[in-house]
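Student: predicted model and sequence follow; I will ask about them next.
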Amino acid sequence: MTDHQSRAELFRSLHIPGSPLVLVNAWDAASARVVAAAGASAVATTSAGVAWSLGSPDGDALDRDDAVELIRRVAAAVPLPVSADIESGYGRTPAEVGDTVRAVLAAGAVGVNVEDARYDGGEPLRPVDEQCARLAAVRSAGDAAGVPLYLNARIDTFLRGGGDVGETVARASAYLAAGADGVFVPGVVDPAVIRHLAEAIPAPLNVLAGPGAPTVGELATLGVARVSLGSAVAEGAYAVARRAADEAFGAGTYGALADALDYGTLNALMR
């Protein structure tokens, strides 16, 4: 078994309902090493943070090659399994999504998030059959590469749709049949709804956490298998930059930088 395959198998094994994998999402090599040094079992990228760091908005606007190169740098920076958030696949057709996944695997990732949101001005979510074709292309690309790719199917019914639980479960069932390994439902924080989804979806459930969400321990008791912080960590880092700029340009002081990681610590992480 290759190191790539071993990392893929390890990543798959970390998805345990009731003992969730916690992912503090990174957006570059340095943030990945900071997260790894804090004791992470795996590293996942945030598509929003990646896009912002490369000068692009989130939402299917980033060039595929730029995204893949960033994933390559993150995967090379840490001795851990890496899962890549690839938005809706950086491709218009299932075949193009398959091309993306082959490139992402070649870059060293062992998992992908693929969302069913669309940003072309039409309906907020892709039709189920269309999304299933895209997920099937992801599954096929992973199988052909000989790597047990973990396909996390993101369902945006709560972020961009009406938050219909029945539709969420129906989409989850269809996506699992198309080859998904797990289901990601961002935007849901109500414990009763989370428990219902964990019980109704026959696969590891991933939720998005942050201020206002249940704690990791509480999510564990609800049956969650994966907890992601998403773009919130990048947002927090950029908030420090904004506060530091406002303070320096205003009062001329530097209090916003008081709790920064020191130069020596960060530089040592890059060696």
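Tutor: Sure, I can see it.
Student: start and end of stretch 67-87, how far apart?
Tutor: Distance between the two ends of stretch 67-87: 10 Å, counting by C-alpha to C-alpha, to the nearest Å.
Student: list the buried residues in it.
Tutor: For stretch 67-87, burial by neighbour count (16 or more other C-beta atoms under 10 Å) applies to 67-68, 70-72, 74-75, 77-78, 80-87. C-betas here are computed from N, CA, C, even on glycine.
Student: can you check stretch 9-18 too?
Tutor: Quick answer for stretch 9-18 (16+ other C-beta under 10 Å): 11-12, 14-15, 17.
Student: ok, stretch 123-131 next?
Tutor: Across stretch 123-131, burial judged by 16+ other C-beta under 10 Å covers 125-126, 128, 131.
Student: what about these, which are in helices?
Tutor: Counting by DSSP state H, the part of those found in helices is 128, 131.
Student: on that earlier part again, out of the buried residues of stretch 67-87, name the ones that lie in helices.
Tutor: Those of those lying in helices (DSSP H): 67-68, 70-72, 74-75, 77.
Student: any chance of the buried residues of stretch 9-18 in CSV, with secondary structure too?
Tutor: As requested, the buried residues of stretch 9-18 are exported to CSV (DSSP: H, G, I helix; E, B strand; the rest coil):
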residue, secondary structure
Phe11, helix
Arg12, helix
Leu14, coil
His15, coil
Pro17, coil
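Student: how about those residues, which pair is most distant?
Tutor: The span of these, defined through C-beta to C-beta, is set by Phe11 and Pro17 at 15.9 Å.
Student: before we move on, the earlier item: adding distance to Ala225 and pLDDT, write the buried residues of stretch 9-18 out as CSV.
Tutor: Supplementary listing: those in CSV, determined by distance: C-beta to C-beta, whole Å; pLDDT from 0 to 100:
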residue, distance to Ala225, pLDDT
Phe11, 12, 98
Arg12, 11, 98
Leu14, 9, 98
His15, 5, 98
Pro17, 5, 98
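Student: what's the neighbour count on Arg242?
Tutor: 11 (other C-beta atoms under 10 Å).
Student: likewise for Thr46?
Tutor: If you count neighbours by other C-beta under 10 Å, Thr46 ends up with 26.
Student: just Gly146 next, same as before
Tutor: Gly146 has 12 nearby residues by other C-beta under 10 Å.
Student: quick one, phi psi at it?
Tutor: phi 70, psi 20 (degrees, to the nearest 10).
Student: ok, it touching Gln5?
Tutor: Yes. Taking contacts as C-beta atoms under 8 Å, Gly146 lies within contact range of Gln5: 7.3 Å.
Student: read off the pLDDT value for Asp85.
Tutor: pLDDT for Asp85: 98.
Student: specify the beta-bridge partners of it.
Tutor: On the basis of DSSP bridges, Asp85 is bridged to Asn113.
Student: correct me, but it touches Asn113?
Tutor: Yes. Applying C-beta under 8 Å as the test, Asp85 and Asn113 come out as touching, 4.4 Å apart.
Student: all helices of this protein, in order?
Tutor: Per DSSP H, the chain carries helices over the ranges 3-13, 29-37, 47-53, 64-77, 94-106, 128-145, 165-177, 191-200, 216-221, 232-249, 263-269.
Student: just name the most buried of those.
Tutor: Of all the helices of the chain, helix 47-53 carries the top mean neighbour count, a mean of 23, counting by mean count of other C-beta atoms under 10 Å.
Student: find the nearest non-adjacent residue to Thr157, please.
Tutor: Thr168 (4.6 Å; C-beta to C-beta, 6 or more residues apart in numbering).
Student: mind listing what the one you found touches?
Tutor: Thr168 makes contact with 155, 157-158, 185, 197, according to C-beta atoms under 8 Å, 6 or more residues apart in numbering.
Student: one more: Arg12?
Tutor: Counting by C-beta under 8 Å, 6+ apart, Arg12 makes contact with 148, 150, 181.
Student: so the last one sits against Leu151, correct?
Tutor: The reference is to Asp181. Yes. If you go by C-beta under 8 Å, Asp181 and Leu151 touch, sitting 5.0 Å apart.
Student: what about the stretch 51-200 of the chain, any weak spots by pLDDT?
Tutor: For the stretch 51-200 of the chain, no stretch has pLDDT under 70.
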